[in-house]
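how would this look folded up:
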Amino acid sequence: MAAYESPRLRRLRSDLAALEKLSAESSVFDFRVSGQPPQQYLINFHGASLARDRGKVAVRLRHDVEIKLGAGYPRTMPEIRWITPIYHPNISEIGLVCLGAYGTHWVPSLALDDLCVMLWDMARYQNYDIRSPYNREAAQWSAHQSSFRFPTDVRPLRDGRAALGRVEPAVPFDEGLGKSIELLDLEIDLTRADQADDPPILLVDESGRPGERPDLEGDRARAVLPHSPPPATEEVVFLD
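Below is the predicted model of the structure:
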């Protein structure tokens, strides 16, 4: 007779399987675990978000998030902390993450892979809320800035599905290379930086050529991302 497995244990195993599948479907996402079955995750996103660099807002290419599944999980919300620097209205300067309604009315059925999708959409400014910010300065900045185009990264977390033909790609797609055309030029310039343990923040000079922390000052050191989608309208996407 099989040993009894608690609902919590089944959920922990299910979450691990879901993240392993997500990692296989994504060029953006990977993770490390602690515990057996895992109760603590270090999530890594490899893509363009924003951070403060020497007083300026600039693009950062790697982002680490710690997720702890406490004794009450999945009945209670996981502990989430952004470890690497990020500049976002709904993430505090010490890494606390606001999930909107989920923060006050946690839904136990929200799987860990879906939570990671939400976190990546926040990181790339696909989803943000300036009405009840954790970082008021970032909220005010995002409402009035014109230097960046949102989202900062065009890829959804499950971008590998487009390569497999499971969903329509969100951007023009090169079948031979298995990648979105808009990302090809970006990859050429970012490969070395993305492989570093702590990738440098990307700055772009006035000619539009990206470089690793160029020795520029003032307006000549604009931090922008080439090949971004059109500027966001004044309508802001709010967290569910």
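
Looks like residue 113 contacts residue 18 (just checking).
Yes. Residue 113 lies in contact with residue 18 (C-beta atoms under 8 Å); the separation is 4.0 Å. C-betas here are computed from N, CA, C, even on glycine.

The two: which has the busier surroundings?
A count of neighbours by other C-beta atoms under 10 Å puts residue 113 above the other of residue 113 and residue 18, at 21 against 16.

residue contacts, the more buried one?
15, 18-19, 21-22 (C-beta atoms under 8 Å, 6 or more residues apart in numbering).

Give the buried subset of those as a ChimeraX selection command.
ChimeraX command restricting those to the buried ones, with burial defined by 16 or more other C-beta atoms under 10 Å:
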select :15,18,19,22
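
Show me which of the contacts of residue 113 is closest to residue 107.
residue 15 (14.4 Å; C-beta to C-beta).

Is it correct that the closest one falls within a strand?
No. Read with DSSP: H, G, I helix; E, B strand; the rest coil, residue 15 is helix and lies in no strand.

Which residue, other than its chain neighbours, is closest to it?
residue 112 (3.9 Å; C-beta to C-beta, 6 or more residues apart in numbering).

pLDDT score for the one you found?
Residue 112 is assigned 98 on the pLDDT scale.

Residue 192 now?
In this prediction residue 192 is given a pLDDT of 40.

Then residue 168?
For residue 168, pLDDT reads 43.

Could you list the low-confidence segments of this protein?
Within the chain, the stretches with pLDDT under 70 are 1-2, 162-240.

One more pass at 80, please.
Applying pLDDT under 80 to the chain picks out residues 1-3, 161-240.

residue ranges for the strands of it, please.
Using DSSP state E, the strands of the chain run over 29-34, 40-53, 56-68, 79-82, 173-174, 179-180, 202-204, 210-212.

if you compare those, which one is most tucked away?
strand 202-204 (a mean of 22; mean count of other C-beta atoms under 10 Å).

Name all residues that make contact with the residue nearest to residue 155 when sequence neighbours are not counted.
Nearest non-adjacent residue to residue 155, counting by C-beta to C-beta, 6+ apart: residue 28, 5.7 Å away. By C-beta under 8 Å, 6+ apart, the contact list for residue 28 reads 45-47, 120, 153, 155, 157, 159.

Tabulate those (CSV), appending distance to residue 77.
Below are the contacts of residue 28 laid out as CSV (distance: C-beta to C-beta, whole Å):
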residue, distance to residue 77
45, 20
46, 26
47, 25
120, 18
153, 26
155, 27
157, 20
159, 27
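
any idea which of the residues you listed is the one closest to residue 85?
Once C-beta to C-beta is applied, the member of those that ends up nearest residue 85 is residue 45, at 13.0 Å.

With residue 90 as the reference, measure out to that closest one.
According to C-beta to C-beta, to the nearest Å, residue 45 and residue 90 sit 15 Å apart.
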